[in-house]
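Asks: generate coordinates for the sequence data below:
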Amino acid sequence: MKTKYNIRLANEQDIHNILLVMDEAKKIMRSSGNLHQWSDGYPSADIIRHDIALGGGYVIEEAFRIVGYFALLPSPDPTYAVINNGKWLEESLPYHVIHRIAGVPDAHGIFLSTMDFCFQIDSNIRIDTHRNNTIMQHNLQKHGFTYCGIIYLENGDERLAYQKIKP
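Replies: Numbering: from 1, shown residues only. So this is what the prediction gives:
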């Protein structure tokens, strides 16, 4: 199935629109009961700039309108070094991590398009989400990710960690 979305590397000129997408994603989170993830100004313009500087910030466009964003960053990710109450599916191979996936409410299929794109880059993907982000947990399970355990962010916040390895 051909996606209706165009995915490209983000640039400095995209940051304003990316932050608008993040604001819309926060509204979706709050309305679904996820009240604490992405609070206190996270993700900020500086974090998006950092993704872009690393060559891993991507925008998702529909008819030249930015409708989504995600970061795809190569391993190692320091927050994934230790996993609690479980284990990674595979620990010796390089992997990529998806962070900050977000979309606007009227764009459907953002998650699937993101996964299709990311698995063209690497067959070993890790991702984490907040315990109250039931929408993301549902999408991860629906698309074949395996729950692996709990990781802790640099600030000590807990996240549920998932991994999928495509043959």
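Asks: which strands and helices lie in contact with the longest helix along the chain?
Replies: When the chain is parsed with DSSP state H, its longest helix is helix 15-31. Identification of packing neighbours for helix 15-31 by 3 or more C-beta pairs under 8 Å, 6 or more residues apart in numbering; DSSP states H and E yields helix 45-53, strand 57-62, strand 65-74, strand 96-103. C-beta: built from backbone N, CA, C; applies to glycine.
Asks: could you check the angle strand 96-103 makes with it?
Replies: Interaxial angle, helix 15-31 versus strand 96-103 (axes from the mean of the first three to the mean of the last three C-alpha atoms, to 10 degrees): 80 degrees.
Asks: contact partners of helix 15-31?
Replies: Applying C-beta atoms under 8 Å, 6 or more residues apart in numbering, the set of residues contacting helix 15-31 from outside is 10, 35, 37-38, 43, 45, 48-49, 52, 57, 59, 66-69, 100, 102-105, 133, 135.
Asks: rerun at 7 Å
Replies: Under the contact criterion C-beta atoms under 7 Å, 6 or more residues apart in numbering, helix 15-31 has outside partners 10, 37-38, 43, 45, 48-49, 59, 66-69, 102-105, 133.
Asks: tell me the bridge partners for I165.
Replies: N124 (DSSP bridges).
Asks: was I right about it contacting D122?
Replies: No - using C-beta atoms under 7 Å, I165 makes no contact with D122, being 9.5 Å away.
Asks: about what we covered before: quick one: mean pLDDT over the longest helix of the chain.
Replies: The average pLDDT within helix 15-31 is 93.
Asks: could you do stretch 151-166 as well?
Replies: 95.
Asks: low-confidence ranges, the chain, go.
Replies: Counting by pLDDT under 70, the chain contains low-confidence ranges at 1-3.
Asks: the same query, at a cut-off of 90, please.
Replies: 1-4, 28-29, 31-42, 154-155, 167 (pLDDT under 90).
Asks: tell me the bridge partners for the residue nearest to I110 when sequence neighbours are not counted.
Replies: Using C-beta to C-beta, 6 or more residues apart in numbering and skipping residues adjacent in sequence, the residue nearest I110 is G103, 3.5 Å away. Going by DSSP bridges, G103 is paired in beta bridges with G68.
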